[in-house]
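Enquirer: let me see the structure of the following:
(one chain, ligands or ions: 2)
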Amino acid sequence: MKTSIATVSLSGELPDKIRAIARAGFDGVEIFENDFIANDLSPREVGAMARDAGLVVTLFQPFRDFEGLPEPFRTKAFDRAERKFDVMQEIGTELILVCSSVSPHALGGIDRAAADLRELGERAHRRGLKIGYEALAWGRFINDHWSAWEIVRRADHPAVSIILDSFHTLAREVDVASIQAIPGDKIALVQLADAPRLQLDLLSWSRHFRTMPGQGDLPVGAFLDAVRATGYDGVLSLEIFNDQFRAGAAGAVAVDGRRSLILLDDDAKRRTQNPTGRLLPARSPCSGIEFIEFAVDEGAVAELETLVRALGFQPKGRHKSKNVTLWSQNGVNLVINSDGEGFAHSAYLMHGPAVCAMCLRVADAGAVLARAEALLATPFQQPVLEGELDIPAIRGVGGSLLYFIDDKSDLGRLWDIDFEAVDEDGANAGIGLVRIDHVAQSMEYDEMLSWLLFYTSIFDVAKAPGMDIADPGGLVRSVVLQNADGTLSLVLNGSQSQHTASARFLSEFFGSGVQHIAFETKDIFETARAIRAAGFSTLPIPENYYDDLEARYDLPDAVMADLRALGILYDRDEAGEFFQLFTRSFADRFFFEIVERRNYRGFGAPNAGVRLAAQKRLSRPSIIPRW
Ligand SMILES: O=C(O)c1ccc(O)c(O)c1
Ligand SMILES: [Mg+2]
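Expert: Ligands and ions are numbered 1, 2, ... in the order given. From the prediction side, this is the model:
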């Protein structure tokens, strides 16, 4: 697979874009005309810069409003094209993208357009250049690949082919099967882009909201399958108009682009009967989170231990060579690391008391690491002592670590190998927590698509439709990623406002990370009472909330009374019921949630605004006087 990306997809000036594209490992670059015009290097210098960076210039684009013009516009359009051919020859690229006309002067008529393209093809041919004709979804007369193909077919010139762009086809819901009627050797280039489903006019949707394949909702995989069925084996090029990406870090966006193409290609190969070429290691099934690790210092360790003890955890193991303790309850494991060296200590110095790592239980840890590396994740290693395990790990959100263990190697005996068992009170079964239900990570809004692709590409998790949740300081975007049996659920939260809890978390915490961890209990009322008995109060919930619950649902009086007394929130869907409560936050950094599910698959979204407001009241004095 040869890959390329349009310069319009990235931030910066043309040289920055070219460097970022080369560094991310693309084979080629599409020079977007506006980027070229605004830059002060000559066409020759731009071409040399791309080639020196190891890139082929796959395309010069776009050439607008060409076909179907009456005179004198027609002659002018051909003159303009000749000038662009000059530029292309200096840059050293063969192919120009002609996009379907939106000109008010254009006349319709397939044969008129075909004749214009034939003549343009002939002129290009004389200079050793080629034309690729693309239908813009909002083109005046030509707005789908099928009509564009009819024009290219009738132009009937060896230098005139079609350019397919997944956005234009999928946004209009043109049947991708029709692509298979186009001969592969008449496809000059394939541009790929995804997008979230939005109720928006096609042009605004395309110019502002395109995403990398896999980050949106469009069936880009089905589009690629149809393209491949034509025999097309040429370049796959990303063309992503996206406001966030234009403002983001070019290097990171380029890496996301490469990741999306590696994934798309691998997924496509897997769908074919006899995949050729090398496949990535398959997504290894994940059966849950083996442990969550907190980095603290000697000062905070006692406070955190008091909290986790109140939540029913008992010390069960001590690391053989580090200041690290395993706290457990019914197979739910928390690791508290207050060692003065190593990764956790660096994480503590950087972020304060925080979750510094999570460990996933997978079928094959080595395969997950290999897949992650092939998908451009950053592996992590630190020295371990003789006899201790070297647990495979990669960098995750906010520089934290994701460890992987499996049962097919010694990694499955982690607690026996690296830890010495402790048993203070073997009979203590905790307060009923049985599972890590989900982990919520806060991040910059602009990072969300990147981490979404990171998780969905490496693991067997799928995204649920995103939601906007009202924080008193603004809206918070929330996306749930979950595997099929629900053993791994990750919630990504980000907000554009600077005033939400999510945003405050980032600024005070020096970066993204875990903001809360939810545990499942089989009896939330008992669990809530046990937390109270341990001397901890939970997040206070306003009476107004309970009055509303009472009005909405016919819950028995005794249940209502317990909900009120214990600060438990409630939700219901078609399938079942949901109960949740929250601890007060630890060091104003992170908090725990406890949930009880009775056939309910969601996350209590209707309650999130109430929770956020309650946390806001506790977190710090409001600047708005209360009277
Ligand atoms: O938005 C546009 O005008 C535009 C230009 C060139 C393309 O290849 C495209 O897909 C869209
Ligand atoms: Mg395009």
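
Enquirer: low pLDDT regions in this structure?
Expert: Scanning the chain for pLDDT under 70 picks out 620-627.

Enquirer: would you map the helices across the stretch 151-300 of the chain?
Expert: Taking DSSP state H, counting those that start in this stretch, the helices of the stretch 151-300 of the chain run over residues 166-171, 202-209, 220-229, 243-247, 250-271, 298-310.

Enquirer: can you tell me what sits against the fourth one?
Expert: Meaning helix 243-247. Residues outside helix 243-247 that contact it (C-beta atoms under 8 Å, 6 or more residues apart in numbering): 9-11, 208-209, 253, 445-446, 449. In this view, the C-beta of every residue, glycine as well, is placed from N, C-alpha and C.

Enquirer: quick one: which of those residues is nearest to ligand 1?
Expert: Ligand 1 lies nearest to residue 208 out of the contacts of helix 243-247, by C-beta to the nearest ligand atom, at 10.0 Å.

Enquirer: surely that closest one and residue 241 touch.
Expert: Yes: with contact defined as C-beta atoms under 8 Å, residue 208 reaches residue 241; the gap is 6.6 Å.

Enquirer: so what's the residue of the stretch 1-150 of the chain at minimum distance from ligand 2 closest to, chain neighbours aside?
Expert: Of all residues in the stretch 1-150 of the chain, residue 134 sits closest to ligand 2, at 5.4 Å by C-beta to the ion. With C-beta to C-beta, 6 or more residues apart in numbering as the criterion, residue 134 has its nearest non-adjacent residue at 4.1 Å, and that residue is residue 163.

Enquirer: quick one: that neighbour and ligand 1, what's the gap?
Expert: Distance, residue 163 to ligand 1, using C-beta to the nearest ligand atom, to the nearest Å: 7 Å.

Enquirer: beta partners for that residue?
Expert: Beta-bridge partners of residue 163, counted by DSSP bridges, are residue 189.

Enquirer: and for residue 4?
Expert: On the basis of DSSP bridges, residue 4 is bridged to residue 28, residue 237.

Enquirer: and it, how many neighbours does it have?
Expert: 27 (other C-beta atoms under 10 Å).

Enquirer: does the residue nearest to residue 525 when sequence neighbours are not counted lie in a helix or a strand, and which?
Expert: Nearest residue to residue 525 in three dimensions, chain neighbours excluded: residue 562, at 5.5 Å (C-beta to C-beta, 6+ apart). In the assignment (DSSP states H and E), residue 562 maps to helix 557-566.

Enquirer: what packs against that helix?
Expert: helix 524-533, helix 543-552 (3 or more C-beta pairs under 8 Å, 6 or more residues apart in numbering; DSSP states H and E).

Enquirer: reformat those as JSON lines; add mean neighbour count and distance to ligand 2.
Expert: Below are the helices and strands packed on helix 557-566 laid out as JSON lines (neighbours: other C-beta atoms under 10 Å; distance: least, C-beta to the ion, whole Å):
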{"stretch": "helix 524-533", "mean neighbour count": "19", "distance to ligand 2": "52"}
{"stretch": "helix 543-552", "mean neighbour count": "14", "distance to ligand 2": "49"}
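
Enquirer: for the ones you listed, give me JSON lines that also has distance to residue 222.
Expert: Shown next, in JSON lines, are the helices and strands packed on helix 557-566 (distance: least, C-beta to C-beta, whole Å):
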{"stretch": "helix 524-533", "distance to residue 222": "43"}
{"stretch": "helix 543-552", "distance to residue 222": "41"}
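
Enquirer: for these, give me CSV that also has distance to ligand 1.
Expert: Formatted as CSV, those follow (distance: least, C-beta to the nearest ligand atom, whole Å):
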stretch, distance to ligand 1
helix 524-533, 52
helix 543-552, 46
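
Enquirer: what about stretch 508-516, how long is it end to end?
Expert: 15 Å (C-alpha to C-alpha, to the nearest Å).

Enquirer: what residues sit buried inside that stretch?
Expert: Using 16 or more other C-beta atoms under 10 Å as the burial criterion, the residues of stretch 508-516 that qualify are 509, 511-516.

Enquirer: could you tell me which of those residues are located in strands?
Expert: When these are checked against strands (DSSP state E), the matches are 513-516.

Enquirer: also near ligand 1: which of those residues, exactly?
Expert: Checked against ligand 1 using C-beta under 6 Å from any ligand atom, those yield no neighbours at all.

Enquirer: can I get the residues you listed in CSV with distance to residue 332?
Expert: Listed next are these as CSV, based on distance: C-beta to C-beta, whole Å:
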residue, distance to residue 332
513, 20
514, 15
515, 19
516, 15
